[in-house]
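1. Build me a model from this:
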Amino acid sequence: MLSGSCLCGAVRFEVSGPLKPPDACHCTQCRKHSGHYFVSTDMPRSAVTIHGAEHVTWYRSSVKVQRGFCSRCGASMFFDPIGHDWIALAMGAFDGATGTHIEKHIFVSEKGDYYEIADGVPQHPR
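-> The predicted structure follows:
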């Protein structure tokens, strides 16, 4: 079982089962939410247990998505598509090694101009 937390530890999560390879999202909203691009793994809700959920603040960034962050330290942790059976967990919030690697870059048409993507992983405009 893998686990992770926010910066201050008020919000913790546990994941049962293997992680889906993460994607790196370069869309404008993810960059503003995280301060750079957002790398996350999509997990079935049934495989994720959140401790300290009372410290998660949800921001409805669109009709289809809410984003969760720790109300104490501000750490960006979750991408939650409304009405779906999965939730995305920030890779940077995991404790220790995850045993996975970025599978793809998405929304590269919106990426910042201050960095290049040169890791050889597939890139998708949307």
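2. was I right about residue 4 contacting residue 12?
-> Yes - counting by C-beta atoms under 8 Å, residue 12 is a contact partner of residue 4 at 7.1 Å. Bear in mind the C-beta positions are built from the backbone N, C-alpha and C, glycine included.
3. ok now the worst-scoring helix or strand of the chain on mean pLDDT, how far from the chain's centre?
-> Lowest on mean pLDDT, DSSP states H and E among the helices and strands of the chain sits helix 28-34, with a mean of 95. The chain centre lies 11 Å from the centre of helix 28-34; the measure is C-alpha atoms, centre = their mean, to the nearest Å.
4. same for that helix, what does it pack against?
-> strand 65-70, strand 76-81 (3 or more C-beta pairs under 8 Å, 6 or more residues apart in numbering; DSSP states H and E).
5. let's go with 6 Å and repeat that
-> The contact analysis (3 or more C-beta pairs under 6 Å, 6 or more residues apart in numbering; DSSP states H and E) places helix 28-34 against no helix or strand.
6. That one: what's the following helix or strand?
-> Where DSSP states H and E defines the elements, the next helix or strand beyond helix 28-34 is strand 38-44.
7. and that following strand, which residues are buried?
-> 38, 39, 40, 41, 42, 43 (16 or more other C-beta atoms under 10 Å).
8. could I get these as JSON lines with pLDDT and distance to residue 92?
-> Below are the buried residues of strand 38-44 laid out as JSON lines (pLDDT from 0 to 100; distance: C-beta to C-beta, whole Å):
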{"residue": "38", "pLDDT": "97", "distance to residue 92": "9"}
{"residue": "39", "pLDDT": "98", "distance to residue 92": "7"}
{"residue": "40", "pLDDT": "98", "distance to residue 92": "9"}
{"residue": "41", "pLDDT": "98", "distance to residue 92": "11"}
{"residue": "42", "pLDDT": "97", "distance to residue 92": "16"}
{"residue": "43", "pLDDT": "97", "distance to residue 92": "15"}
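9. Return the closest of these with respect to residue 88.
-> residue 40 (3.9 Å; C-beta to C-beta).
10. these two touch, right, the closest one and residue 87?
-> No - counting by C-beta atoms under 6 Å, residue 40 sits too far from residue 87 to count as a contact (9.2 Å).
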